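Q: Structure for this input, please:
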Amino acid sequence: MEKVDLDRYELTGRLGTGADYEVRAGTDRETGTQVAIKRPVPQAITRDQHQTIESRTEMILQAYQDVGQSTHLVSPIIGYTERQVHDDFFGDNLGKEYQVIVEERAAGIPLLGDMMSKFKGVPIGAGQNLFTLFPLVRPSSVPPHAVQNQLLDLEEVYFGAGYIVLDIRPQNVYYQPSSGKVVVIDTGALVRLDDAPTRGRPPFDINDACLEILKFYTTPDEPPTSTAGYRDPKGIRPIINLDEELKEIARNIDGCPPKIVETGTEILNKLRDRAYKQYASFRADLTAYMDGINERNTGLDDASAVRQTWQEAALWLNEDYWRGFLFDPNSELAEYRS
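A: Okay, here's the model as predicted:
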């Protein structure tokens, strides 16, 4: 990771815009490498309200220096710019100084597409639903609970360096269906274990990260019986109130088979008491919970029909929107069709 000159890169498109960052696709003019070029959202820059985002950028770079380079689960950072005006490169007239990060483009599809595309009819929740919430079809090349386990692997790496990574929502996770590999493209919501706690709440700890994985990447709901159930994302709003989130999950678990209720309730009780001290114990409890859900789903009376619905929903990934990522549906989904 080093300082870079943006003139080395050619912008080739837009990858998405989040609350804090705009991400453009680009190509290295010297090597042909495809990159992601990330800057604060222009609206914040224009209003001179991007200082908080700039601080977040600094933390991303520091954490990547400390630990990110040691894991393949984070999108590699190629470099960063000086804090300066970049109007000529981006073709706008913001007139403000800011820093830009250049990363390798992640392979695969985002588990959640960008919200603007939803209004164009794109089934933006397809990845999250097909591969994390209702993984009814899984080739032998993909291990069970691949997404959840890799996210826990990432948390363990950062935890060992004194960090907790929060806000790893599906839009920040790219997934390769053929292998089950994930890459996290945004680790900006970092908390250092030695940070002073936010006033009015307990210090952040691993229980906060565990709750996010439970909320964003699992559901006790039965699989959809219509492809419409795979279109939209589920449970993606940020976690504001711990107790309310736990109560909502408990309501969803109520009425499920005993194994799901028992294992799910145990997780909720430990999260409420902030009892998890290591990710390994949460991983074991989460695996038991997800195994119970999978057993229920494969044993449904209409299991064959819901698998067919899954296959029909997976055809959406052949659409142009998904091909705009580093993703070839013909090769990535070949084993799902056999």
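Q: Could I get the buried residue list for the longest helix anywhere in the chain?
A: Assignment by DSSP state H gives helix 279-298 as the longest helix of the chain. For helix 279-298, the neighbour count (16 or more other CB atoms under 10 Å) marks 279, 282-283, 285-290, 292-294, 296-297 as buried. From N, CA and C alone the C-beta is placed, and that goes for glycine too.
Q: One more: stretch 71-88?
A: For stretch 71-88, by 16+ other CB under 10 Å, it's 71, 73-81, 86.
Q: Figure out how far the longest helix of the chain is from the centre of its chain.
A: 20 Å (CA atoms, centre = their mean, to the nearest Å).
Q: Could you check the angle whichever helix or strand comes after it makes with helix 279-298?
A: As assigned by DSSP states H and E, the chain's next helix or strand after helix 279-298 is helix 303-314. With axes from the mean of the first three to the mean of the last three CA atoms, to 10 degrees applied, the angle from helix 303-314 to helix 279-298 works out at 110 degrees.
Q: can you pull the buried residues of helix 303-314?
A: 306-307, 309-311, 313-314.
Q: moving C-terminal of that helix, what's the next helix or strand?
A: Following helix 303-314 in sequence, per DSSP H and E, is helix 320-323.
Q: What is the distance between the following helix or strand past that next one and the centre of its chain?
A: Per DSSP H and E, the first helix or strand lying C-terminal to helix 320-323 is helix 329-332. Centroid separation between helix 329-332 and its chain, computed with CA atoms, centre = their mean, is 21 Å.
Q: buried sites along helix 329-332?
A: 329, 332.
Q: Repeat that for stretch 172-192.
A: 172-191.
Q: quick one: contacts for Ser117?
A: 124, 321 (CB atoms under 8 Å, 6 or more residues apart in numbering).
Q: Which strand or helix spans it?
A: Assigned by DSSP H and E, Ser117 falls in helix 115-118.
Q: which of the residues in that helix are buried?
A: Lys118.
Q: how far out from the middle of the chain is the next helix or strand after that helix?
A: The helix or strand immediately downstream of helix 115-118 is helix 126-128, counting by DSSP H and E. Here helix 126-128 is found 11 Å from its chain centre; the criterion is CA atoms, centre = their mean.
Q: any residues touching helix 126-128, and which ones?
A: The contact list for helix 126-128, computed with CB under 8 Å, 6+ apart, reads 109-113, 170, 175, 216-217, 230-231, 233-234, 236, 313-314, 316-317.
Q: Among those residues, which are located in strands?
A: 109-110, 175 (DSSP state E).
Q: would TSV of these with pLDDT be doable?
A: Formatted as TSV, these follow (pLDDT from 0 to 100):
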residue	pLDDT
Ile109	97
Pro110	96
Tyr175	98
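Q: about what we covered before: need the buried residues of helix 279-298 in TSV with distance to Gln148, can you?
A: Shown next, in TSV, are these (distance: CB to CB, whole Å):
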residue	distance to Gln148
Tyr279	11
Phe282	10
Arg283	8
Asp285	12
Leu286	6
Thr287	8
Ala288	12
Tyr289	10
Met290	7
Gly292	14
Ile293	12
Asn294	12
Arg296	17
Asn297	16
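Q: ok, of those, which one's closest to Asn207?
A: Phe282 (8.2 Å; CB to CB).
Q: Okay, now the unreliable bits of the chain?
A: Low-confidence segments of the chain, defined by pLDDT under 70, span residues 68, 200, 338.
Q: roughly how far out does stretch 171-179 sit from the chain middle?
A: Counting by CA atoms, centre = their mean, stretch 171-179 is centred 9 Å from the centre of its parent chain.
Q: go on, stretch 298-316?
A: Using CA atoms, centre = their mean, the offset of stretch 298-316 from its chain centre is 24 Å.
Q: burial measure for Lys234, as a count.
A: The local packing of Lys234 (other CB atoms under 10 Å) involves 18 other residues.
Q: domains of the chain?
A: In terms of domains, the chain is parsed into 2-104, 109-326 (source: automatic domain parsing).
Q: I'd like those domains written out as TSV, with distance to Glu332 added.
A: What follows is the domains of the chain, written out as TSV (distance: least, CB to CB, whole Å):
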stretch	distance to Glu332
domain 2-104	17
domain 109-326	5
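Q: Tell me which of the ones you listed approaches Leu333 most closely.
A: domain 109-326 (5.9 Å).
Q: What is the end-to-end distance of the closest one?
A: 7 Å (CA to CA, to the nearest Å).
Q: for stretch 270-278, same thing?
A: First-to-last distance for stretch 270-278 - CA to CA - comes to 12 Å.
Q: how about that stretch: buried residues?
A: Applying 16+ other CB under 10 Å to stretch 270-278 flags 270-271, 276 as buried.
Q: And stretch 102-116, by the same measure?
A: 102-114.
Q: And stretch 233-248, by the same measure?
A: Within stretch 233-248, the residues scored as buried using 16+ other CB under 10 Å are 233-236, 239, 242, 245-246.
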